[in-house]
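Asks: only the shape, not the letters, is given here:
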């Protein structure tokens, strides 16, 4: 049991770290955010013919969770990208990462999990750490941006809960492919032709990068979350923005500073504390 939990935490943490490297793929592509998301989801759906089996569809609860998962992922992406576009980025990031706190608070009610004594304090400390990483003095607080980011957080919390239920019946990469197809359909329904990228180097870069940052990382995530409580999942997802900040510093010369370094330590310590809770 302890070995399974350690493996689940490790897989989930690795997925979050790989997701944090998305900027290496997306920034140089030059594509609008919705086209990047749509193309990434299409790549994630490519294993569909090889991983889908008929038997898991007998579990109707898992099928419903899978559909909700696709809608939740599309909603999370849509609102988060809208928050980023409107800015400031710090407000968008902080409001989006209210999601782990929502997961921690709701997990005992939604999944019947035992309440964690460490998860909520750790999530709050991690949110403070992310704030120290991304906040820039002098930036205004936009209520619209915060609202969009908070909406994305609600959808992302739904994504985590639906992942746990869908993963009880469907193999990890079947969950990846099936939910990605639903999410891509939702984006196409909302944005129409605007979501479809034109062929070119930028689209090729996103497609290739999505094999690692999309398909592989999400597969690891869906495998890991079935082995750990939702509260642990929520805490470990803070490794994504932490990694993004480090990648920004190393690859794009974005300053971290002393406050950011403290933020890194807070996120890491909080994640370890929750993952190792008895």
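Replies: Cool, the structure landed. Just so it is clear, the model here is predicted, and its values are computed rather than measured.
Asks: ok now the helix or strand hosting residue 152, how far from the chain's centre?
Replies: Residue 152 is part of helix 143-166, with elements assigned from DSSP states H and E. Relative to its parent chain, helix 143-166 has a centroid offset of 9 Å by Cα atoms, centre = their mean, to the nearest Å.
Asks: now stretch 71-88
Replies: Worked out by Cα atoms, centre = their mean, stretch 71-88 lies 12 Å from the chain centre.
Asks: show me what it is in contact with.
Replies: The contact list for stretch 71-88, computed with Cβ atoms under 8 Å, 6 or more residues apart in numbering, reads 33-34, 37, 41, 91-92, 95-96, 136, 139-142, 144-146, 148-149, 151-152, 155-156, 158-159, 162, 179-180, 182-184, 186-187, 190. In this view, the C-beta of every residue, glycine as well, is placed from N, C-alpha and C.
Asks: please work out the average pLDDT along the helix or strand in which residue 35 is found.
Replies: Secondary-structure assignment from DSSP H and E places residue 35 in helix 33-44. Regarding helix 33-44, the rounded mean pLDDT is 91.
Asks: just the buried positions in that helix, please.
Replies: 34, 35, 36, 37, 38, 39, 40, 41, 42, 43, 44 (16 or more other Cβ atoms under 10 Å).
Asks: residue 184 is in contact with the fifth one, correct?
Replies: What it means is residue 38. Yes: Residue 38 lies in contact with residue 184 (Cβ atoms under 8 Å); the separation is 5.8 Å.
Asks: what angle separates the strand or helix carrying residue 80 from helix 143-166?
Replies: Here residue 80 sits within helix 60-86, counting by DSSP H and E. Using axes from the mean of the first three to the mean of the last three Cα atoms, to 10 degrees, the inter-axis angle of helix 60-86 relative to helix 143-166 is 160 degrees.
Asks: average pLDDT for helix 60-86?
Replies: 87.
Asks: tell me what angle it forms with helix 33-44.
Replies: 150 degrees.
Asks: tell me which residues of helix 60-86 come out buried.
Replies: Quick answer for helix 60-86 (16+ other Cβ under 10 Å): 62-63, 65-66, 68-84, 86.
Asks: same check on stretch 160-177?
Replies: Buried-residue list, stretch 160-177, by 16+ other Cβ under 10 Å: 160-167, 169-177.
Asks: and for stretch 191-203?
Replies: Neighbour count says stretch 191-203 has 191, 195, 197, 202, 203 buried, by 16+ other Cβ under 10 Å.
Asks: try stretch 124-135
Replies: Buried, per 16+ other Cβ under 10 Å, within stretch 124-135: 125, 126, 127, 128, 129, 130, 131, 132, 133, 134, 135.
Asks: what does that stretch contact?
Replies: So stretch 124-135 is contacted by 89-90, 93-94, 97-98, 100-101, 235, 238, 241-242, 245, 256, 259-260, 262-267, 269-271 (Cβ under 8 Å, 6+ apart).
Asks: please repeat the previous calculation with a cut-off of 7 Å.
Replies: Stretch 124-135 is contacted from outside by 89-90, 93-94, 97, 100-101, 235, 238, 241-242, 245, 256, 259-260, 262-264, 266-267, 270, using Cβ atoms under 7 Å, 6 or more residues apart in numbering.
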